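A.B. asks: A structural model of the following input is requested.
(chains A and B)
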Number of protein chains: 2
Amino acid sequence: MTIDVFEEPADTREEILAATYRSLRDHGYAELTIKKIGTELERSPSLIYHHYEDKDALVLACLEYLLEYFEGELSDGKIDDPPARLEEVLEWWLATDADDEWMGFVTAMVELRTQAIRDPAYREHFTRSDRVFADSIAAVIRAGIETGDFQECDPEAVAATIQTTILGTVLRRSSTDGDDWLDAVRDELGMYLRTRVYDEK
Amino acid sequence: MTIDVFEEPADTREEILAATYRSLRDHGYAELTIKKIGTELERSPSLIYHHYEDKDALVLACLEYLLEYFEGELSDGKIDDPPARLEEVLEWWLATDADDEWMGFVTAMVELRTQAIRDPAYREHFTRSDRVFADSIAAVIRAGIETGDFQECDPEAVAATIQTTILGTVLRRSSTDGDDWLDAVRDELGMYLRTRVYDEK
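C.D. replies: You can find the predicted model right below:
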């Protein structure tokens, strides 16, 4: 469950964004400083300031980079096996055996969403990224209706529901101890999808 | 959609907690200071420090007070009309016409959940409050199965799903613009409940 987007940075800018991503994931937003990213990068903070004016400009650039990568992946051809693709999405977001890297990533996303409460730039980002994510799920459902794997339904409404459930699990996992409720939520979401989406004859 | 728990504070402690609640709701956690609460209260900050050692001790006391009030309300007799009670919960959390006070309240809750990522005291609070909230929804479902309004299902699993969906809507509303997805999520949740909970003959 790693995100491989930052594995082979092509230039200094990508190196900086990769270090920002790792710092966010490992230490969180509150503790993030340009100095720490410099240490992570083994470069001087002034190099970073040369590219980005402050911490938030850098974090937003990192978020945009991730989103663009995700959009690129999505536009990469057609959806061959819609049910498998949908399972993959659910598995990625709702796995109970999430490792520390994954938890660090989603926890940082919750922290950054909290920034969006009062910072219009973050708000704009998450409004857009939620739309991209919802569209990607709706596309999988639409593809499944076409292949006959899924029954007629409202792909956008189902996508919004899956997305909202995922966000709820992420918020709850980040802010509470124990995840014994998570299996139950997965099962119930599965039941909903079986009556609403899967075409069970 | 107001919370009337703090409407008639009985003593200085309750007055302080009421002012903390209003400050959180109106200005958020990040901006909250003991000084501002003093201004809200028309008292000196030293009065507040006499009761609470710092901002977080005060906020946590406020959260605990709210939770105890909620628990008190819940233990107040039996659930006469389970379907109406369930609708009431969904309406309260998922209403699209939420006013500023309500949005201020739920937004502050998201901010405080973010504190729970790294602060064990907040984490402990939200772990407990999620359990209380889940138990309250499960009790409504169990009551509905007894009255025959609801079909046999897993009350805890359904409650966990409703709660997680609510948390997802709260996080998404706090961090993005536009809530055109919210009606869709309500409709889909309604469909899930009709197949899983309501006994539609």
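A.B. asks: where does pLDDT dip in chain A?
C.D. replies: The model of chain A has pLDDT under 70 over residues A:1-3, A:201.
A.B. asks: where do the helices of it begin and end?
C.D. replies: Remark: helices assigned in chain A by DSSP state H are A:12-27, A:34-41, A:45-51, A:55-74, A:82-94, A:100-116, A:120-147, A:155-175, A:180-196.
A.B. asks: among the ones you listed, show me which one is buried the most.
C.D. replies: helix A:155-175 (a mean of 24; mean count of other CB atoms under 10 Å in any protein chain shown). To be clear about C-beta, it is placed using only N, CA and C from the backbone, and glycine gets the same treatment.
A.B. asks: run the chain-centre distance for that helix.
C.D. replies: Counting by CA atoms, centre = their mean, to the nearest Å, helix A:155-175 is centred 11 Å from the centre of its parent chain.
A.B. asks: what does stretch A:106-124 give?
C.D. replies: Distance, stretch centre to chain centre, for stretch A:106-124: 13 Å (CA atoms, centre = their mean).
A.B. asks: so what touches that stretch?
C.D. replies: With contacts defined as CB atoms under 8 Å, 6 or more residues apart in numbering or on different chains, stretch A:106-124 is touched by A:24-25, A:28-30, A:56, A:59-60, A:63, A:98, A:125-126, A:170-171, A:173-175, B:28, B:30, B:107, B:110-111, B:113-114, B:117, B:171, B:174-177.
A.B. asks: which parts of chain A belong to which domain?
C.D. replies: A:8-77, A:78-201 (automatic domain parsing).
A.B. asks: how close does whichever residue of chain A sits closest to chain B get to residue A:41?
C.D. replies: Relative to chain B, the nearest point of chain A is residue A:168 (3.2 Å; CB to the nearest CB). Using CB to CB, to the nearest Å, we find residue A:168 at a distance of 35 Å from residue A:41.
A.B. asks: can you check residue A:30 too?
C.D. replies: Counting by CB to CB, the gap from residue A:30 to residue A:41 is 20 Å.
A.B. asks: what of residue A:200?
C.D. replies: Using CB to CB, residue A:200 is found at 51 Å from residue A:41.
A.B. asks: would TSV of the domains of chain A with distance to residue B:10 be doable?
C.D. replies: Compiled in TSV, the domains of chain A are given as follows (distance: least, CB to CB, whole Å):
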stretch	distance to residue B:10
domain A:8-77	36
domain A:78-201	31
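A.B. asks: so which of the ones you listed is nearest residue B:148?
C.D. replies: Among the domains of chain A, the nearest to residue B:148 by CB to CB is domain A:78-201 (21.4 Å).
A.B. asks: that closest one: how far from the chain's middle?
C.D. replies: 9 Å.
A.B. asks: do the same with stretch A:75-87
C.D. replies: Its chain's C-alpha centre and that of stretch A:75-87 lie 17 Å apart, by CA atoms, centre = their mean.
A.B. asks: list the contacts of that stretch.
C.D. replies: Outside stretch A:75-87, the residues that touch it by CB under 8 Å, 6+ apart are A:137, A:139, A:140, A:141, A:143, A:144, A:147, A:149, A:150, A:193, A:197, A:198.
A.B. asks: and stretch A:25-33, by the same measure?
C.D. replies: Identification of contacts with stretch A:25-33 by CB under 8 Å, 6+ apart yields A:20, A:23-24, A:36, A:55, A:59, A:101, A:104-105, A:107-108, A:111-112, A:115, B:117-118.
A.B. asks: repeat that for stretch A:43-59.
C.D. replies: Taking CB under 8 Å, 6+ apart as the rule, stretch A:43-59 contacts A:12-13, A:16-17, A:20, A:24, A:29, A:32-35, A:37-38, A:41, A:61, A:112, A:115, A:119, A:121-122.
A.B. asks: could you redo the last one with a cut-off of 6 Å?
C.D. replies: With CB atoms under 6 Å, 6 or more residues apart in numbering or on different chains as the test, stretch A:43-59 has contacts from A:16, A:20, A:34, A:35, A:38.
A.B. asks: now those residues as a markdown table including distance to chain B?
C.D. replies: Formatted as a markdown table, those follow (distance: CB to the nearest CB, whole Å):
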| residue | distance to chain B |
| --- | --- |
| A:16 | 25 |
| A:20 | 18 |
| A:34 | 20 |
| A:35 | 19 |
| A:38 | 23 |
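A.B. asks: can stretch A:143-162 be said to contact chain B?
C.D. replies: Yes - using CB under 6 Å from any CB of the partner chain, stretch A:143-162 reaches chain B at A:157, A:160, A:161.
A.B. asks: next up, the contacts around the second one.
C.D. replies: With contact set as CB under 6 Å, 6+ apart, residue A:160 has these partners: A:134, B:181, B:184, B:185.
A.B. asks: one more pass at 8 Å, please.
C.D. replies: Neighbouring residues of residue A:160 by CB under 8 Å, 6+ apart: A:134, B:181, B:184, B:185, B:188.
A.B. asks: not counting sequence-adjacent ones, nearest residue to it?
C.D. replies: Among residues not flanking residue A:160 along the chain, residue B:181 sits closest, at 4.1 Å (CB to CB, 6 or more residues apart in numbering or on different chains).
A.B. asks: same question, the last one
C.D. replies: Spatial nearest neighbour of residue A:161, excluding adjacent residues (CB to CB, 6+ apart): residue B:188 at 4.1 Å.
A.B. asks: touching, that neighbour and residue A:158? I think so.
C.D. replies: Yes - counting by CB atoms under 8 Å, residue A:158 is a contact partner of residue B:188 at 6.4 Å.
A.B. asks: name the residues contacting each of these two.
C.D. replies: With CB under 8 Å, 6+ apart, residue B:188 and residue A:158 have common neighbours residue A:196.
A.B. asks: between the contacts of stretch A:43-59, which sits nearest residue B:94?
C.D. replies: Nearest to residue B:94 out of the contacts of stretch A:43-59 is residue A:20 (CB to CB; 35.5 Å).
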